[in-house]
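[1] sequence and predicted structure below; questions after.
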Amino acid sequence: IGMPGRSPIFVCGCDRSGTTALGCLLGGQPSWISIPETHFIIEAFCNNTYQPEKPEPISYYWDAIKDNWRLAIWDYTPSNKITSMSLDHVDLRTFITTLVEDYAAYHQISAFDRWVDHSPMNVLHVEWLLELFPDAKFIHLVRDPRAVAASVTQLPWGPNTTAEFVPFWLQKVS
């Protein structure tokens with residue numbers, strides 16, 4: 001479960017800054033894989049009550065994320081390794097790494113050394129992610145705010161006016 005040598009690269013920044021494009025480019029490198037955005041990990045486990053070093057049954061982690069709509073868009077059916085190993089106790093780092101490996105196996109990718117997560121919101125949780133993955137690398141992507149505003153204000157989510165956009169962008173860049 002969870003090869004310790006497989007460490008992540010987190011591409012983060014403000015939404016609509018190109019994190020997905022860069023994540024896909026990096027994931028195309030030999031022995032690297034780009035995974036879909038992992039917002040559900042932050043939503044489920046980045047809180048004050050979670051103890052990252054405490055081993056829990058794999059089912060504990062799976063139960064916390066299995067119904068999240070963001071996981072549902074991964075184009076992935078988890079194996080028994082993720083859903084049925086309730087007796088194995090692992091820490092969150094090992095569970096996430098195992099989830100990435102299972103996703104890769106589902107897509108018939110077996111040989112990779114690094115995995116790329118391009119979730120923009122990771123920029124707000126760098127400390128927490130470093131606690132889990134001390135060997136992780138981070139790329140903070142900053143795009144011209146005028147281009148980000150032109151892109152994001154047209155969408156049904158996020159800020160819709162310049163006044164709403166400025167604090168949204170500043171939070172992710174600072």
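    Received it, and whenever you're ready, just let me know what you need.

[2] next secondary structure after the helix or strand containing residue 97?
    Assigned by DSSP states H and E, residue 97 falls within helix 92-106. For helix 92-106, the following helix or strand on the C-terminal side (DSSP H and E) is strand 114-117.

[3] quick one: average pLDDT of that following strand?
    What strand 114-117 shows for mean pLDDT is 94.

[4] and it, how far out from the chain middle?
    The chain centre lies 9 Å from the centre of strand 114-117; the measure is Cα atoms, centre = their mean, to the nearest Å.

[5] and for the helix or strand that that strand is followed by, what's in contact with it?
    Sequence-wise, the next helix or strand downstream of strand 114-117 (DSSP H and E) is helix 126-132. Residues outside helix 126-132 that contact it (Cβ atoms under 8 Å, 6 or more residues apart in numbering): 8, 10, 12, 42, 46, 52, 92-93, 96, 122, 136, 138. For glycine as for every other residue, the C-beta is placed from the backbone atoms N, C-alpha and C.

[6] mean confidence score for the helix holding residue 97?
    92.

[7] which positions within it qualify as buried?
    92-104 (16 or more other Cβ atoms under 10 Å).

[8] on contacts alone, who are the packing partners of that helix?
    When contacts are defined as 3 or more Cβ pairs under 8 Å, 6 or more residues apart in numbering; DSSP states H and E, helix 92-106 sits against strand 32-35, helix 58-65, helix 80-83, helix 126-132.
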